[in-house]
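Peer 1: Here is my input, please return the structure:
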Amino acid sequence: MGPIPEPARRRALRAPLLTGGAVAAATLVLAVRDPHVRGSYGFCPLLELTGLACPLCGGLRATHDLAHLDLAGAWSANALWTVAAPVVVALWVAWLVTAARGRPVRGPSATAAWVTLGVALAFLVVRNLPVLQPYLTPWL
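Peer 2: Take a look at the predicted model:
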């Protein structure tokens, strides 16, 4: 297979670069405007209605802390996101490199989607167990 034409390479890079730019802009907003102030970014409907912390609760605070390289703060806000964020960045880099090389980009497999859902549901249950709430729920 010969070299990839430049217009095709630019088209292939558009999606990962736009995605990376949007995520970088959102992270910059979170780095500048502190989500630790209650109500600064709204509220979690599940938490407000049931008192249960969803798998995403604390994600904005964790992202803010990660942007400031505060790993302990990020872990206390949302341990799952603190572990998942570097994985997401690595997957984005792999997407960018694959697109730059002109190779076909495959989406996540059904297995990966089910595993992700299972991990999120397990975290939902575990972080709401009374014995673990002080460690996995940031506002206690």
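Peer 1: going forward, measure contacts between C-alpha atoms and count neighbours the same way
Peer 2: OK.
Peer 1: While we're on the residue nearest the centre of the chain, how confident is the model there?
Peer 2: Centroid check for the chain by Cα atoms, centre = their mean gives residue 85 as the closest residue, at 4.9 Å. Looking at residue 85, its pLDDT reads 97.
Peer 1: what do you get for residue 42?
Peer 2: Residue 42 is assigned a pLDDT of 80 by the prediction.
Peer 1: Give the helix, strand or coil label for it.
Peer 2: Assigned with DSSP: H, G, I helix; E, B strand; the rest coil, residue 42 falls in the coil class.
Peer 1: Give me the neighbour count for it.
Peer 2: A count of nearby residues for residue 42, using other Cα atoms under 10 Å, gives 8.
Peer 1: Could you check how far it is from residue 50?
Peer 2: With distances taken as Cα to Cα, to the nearest Å, residue 42 is found 16 Å from residue 50.
Peer 1: Also residue 44?
Peer 2: 10 Å.
Peer 1: So between these two, which is more surrounded?
Peer 2: Per other Cα under 10 Å, whichever of residue 44 and residue 50 has more neighbours is residue 44, with 16 against 8.
Peer 1: which residue sits closest to that one, ignoring its sequence neighbours?
Peer 2: Among residues not flanking residue 44 along the chain, residue 57 sits closest, at 6.9 Å (Cα to Cα, 6 or more residues apart in numbering).
Peer 1: quick one, what contacts the one you found?
Peer 2: 44, 77-78 (Cα atoms under 8 Å, 6 or more residues apart in numbering).
Peer 1: Secondary structure element holding it?
Peer 2: Taking DSSP states H and E as the definition, residue 57 sits outside all helices and strands.
Peer 1: Dihedrals phi and psi, it?
Peer 2: Main-chain dihedrals, residue 57, degrees, to the nearest 10: phi -60, psi 130.
Peer 1: do residue 36 as well
Peer 2: Per-residue torsions, residue 36: phi -70, psi -20 (degrees, to the nearest 10).
Peer 1: Please look at it and residue 63 and confirm they touch.
Peer 2: No. Here residue 36 does not reach residue 63: they are 10.8 Å apart, not a contact under Cα atoms under 8 Å.
Peer 1: which one of those two has more residues nearby?
Peer 2: Higher neighbour count among residue 36 and residue 63: residue 63, with 27 against 15, using other Cα under 10 Å.
Peer 1: That'll do, ta.
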